[in-house]
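S.K.: give me coordinates for this.
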Amino acid sequence: MNDTKQKFCIRNWYHQTLTKSQRVFLVVLLFNAAGLGFVVYNFFSSLQTNAFGSPFMNGFTTISSFTNQTSVLLFIFSFVFVFYPNNSLLKNERFLVFCMTYTLFTFLTGGIFQNLVDQTANRTNFSRASLASGIFLQIVNPIVFIFCGYLRFVFNPIKKIRGYSKFILPGMIYPIIYMIYVLTIPLVYKTPDNVVYSVYGNYTNVITNRTMAITIGVLMTFVYFPGSFIFIIFFIRRFNNHYYRVAQIRARLGLKSK
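M.R.: Model (predicted):
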């Protein structure tokens, strides 16, 4: 009896099974895997650098970092998109839009630019690994993911992108929870040398700068994030609608997709 079971072939899987956008995100997955590696590095490194009087870091504050959390989300999305394209997580493109919006926040507020300025001016001293982690997680990873997120709608456009509210309302759950955490953690958590811990320093320290911290928290959550969702979705719809029409025209003419 002949064995009809075929051996798995990576070449065939890549060329025959994956769509163009999946091939793009296979590359993105490699970047996100490197990002996940930096997150793991940050976690274990923080456990070894705690010392009285030093900039406070520990496993808890590393895990609670928006940058690190978002980096994990990017890896999860890319992995599911490439290997499990029919998973319910990908339904209606919500997860992709959420990840693009969250990582845009990381890019704009990560603080790596200020760290580089401080390092250049000798106001502080970061290890090369810490700087590499910051540059990758706060600059490289977000840019690659957002750019390729738009390519997903260029290479494989869909018939219809849902309305803004379908993305914004569920997408705001995470930022609201994170805002609550950011504004309450100074009230309940202190560093080992009894210093108030604030995620974004004085900007979110409700003990010493209550009015400013609450104002920033509310504006970033209820103005910035909805605005970012609208920005991301607007261009997704523009790209998707244009390339969907192009695909329809090519299909009517009997032309193969490029």
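S.K.: secondary structure element for the residue nearest to Tyr224 when sequence neighbours are not counted?
M.R.: Closest residue to Tyr224 apart from its sequence neighbours, by CB to CB, 6 or more residues apart in numbering: Phe105 at 7.4 Å. All C-beta atoms are positioned from the backbone trio N, CA, C, and that covers glycine. Phe105 is part of helix 94-109, with elements assigned from DSSP states H and E.
S.K.: same thing with Val24?
M.R.: Taking DSSP H and E as the definition, one finds Val24 inside helix 20-48.
S.K.: ok, now which ones touch the nearest residue to Ile230 once chain neighbours are set aside?
M.R.: Across the structure, with CB to CB, 6+ apart as the measure, the residue nearest Ile230 apart from its sequence neighbours is Tyr164 (6.1 Å). Contact criterion CB atoms under 8 Å, 6 or more residues apart in numbering gives 229-230, 233 as the residues in contact with Tyr164.
S.K.: now the residues you listed in TSV, with neighbour count?
M.R.: Supplementary listing: those in TSV, determined by neighbours: other CB atoms under 10 Å:
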residue	neighbour count
Phe229	23
Ile230	14
Ile233	23
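S.K.: please flag which of those sit within helices.
M.R.: Secondary structure of those is defined by DSSP state H; positions in helices are 229-230, 233.
S.K.: make JSON lines out of those residues and add pLDDT and distance to Ile168.
M.R.: Conversion of the ones in helices among the contacts of Tyr164 to JSON lines gives the following (pLDDT from 0 to 100; distance: CB to CB, whole Å):
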{"residue": "Phe229", "pLDDT": "97", "distance to Ile168": "5"}
{"residue": "Ile230", "pLDDT": "97", "distance to Ile168": "8"}
{"residue": "Ile233", "pLDDT": "97", "distance to Ile168": "8"}
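S.K.: considering those residues, which is situated nearest to Tyr178?
M.R.: Nearest to Tyr178 among the ones in helices among the contacts of Tyr164: Phe229, at 15.0 Å, using CB to CB.
S.K.: which SSE is the nearest residue to that closest one once chain neighbours are set aside in?
M.R.: Spatial nearest neighbour of Phe229, excluding adjacent residues (CB to CB, 6+ apart): Ile168 at 4.7 Å. Remark: Ile168 resides in helix 164-171, with elements defined by DSSP H and E.
S.K.: so how far is that helix off the chain centroid?
M.R.: Here helix 164-171 is found 17 Å from its chain centre; the criterion is CA atoms, centre = their mean, to the nearest Å.
S.K.: starting at the chain centroid, how far to the helix holding Phe105?
M.R.: Between the mean C-alpha location of helix 94-109 and the chain-wide mean there is a distance of 5 Å, by CA atoms, centre = their mean.
S.K.: list the buried ones in that helix?
M.R.: Using 16 or more other CB atoms under 10 Å as the burial criterion, the residues of helix 94-109 that qualify are 95-107.
S.K.: what residues are up against Asn202?
M.R.: For Asn202, the set of contacting residues under the criterion of CB under 8 Å, 6+ apart consists of 208-209, 212.
S.K.: tell me where the stretch 101-250 of the chain is predicted with low confidence.
M.R.: By pLDDT under 70, the low-scoring segments of the stretch 101-250 of the chain are 110-126, 192-193.
S.K.: verify the stated contact: Thr101 with Gly227.
M.R.: No. Contact between Thr101 and Gly227 fails when scored by CB atoms under 8 Å: they sit 9.8 Å apart.
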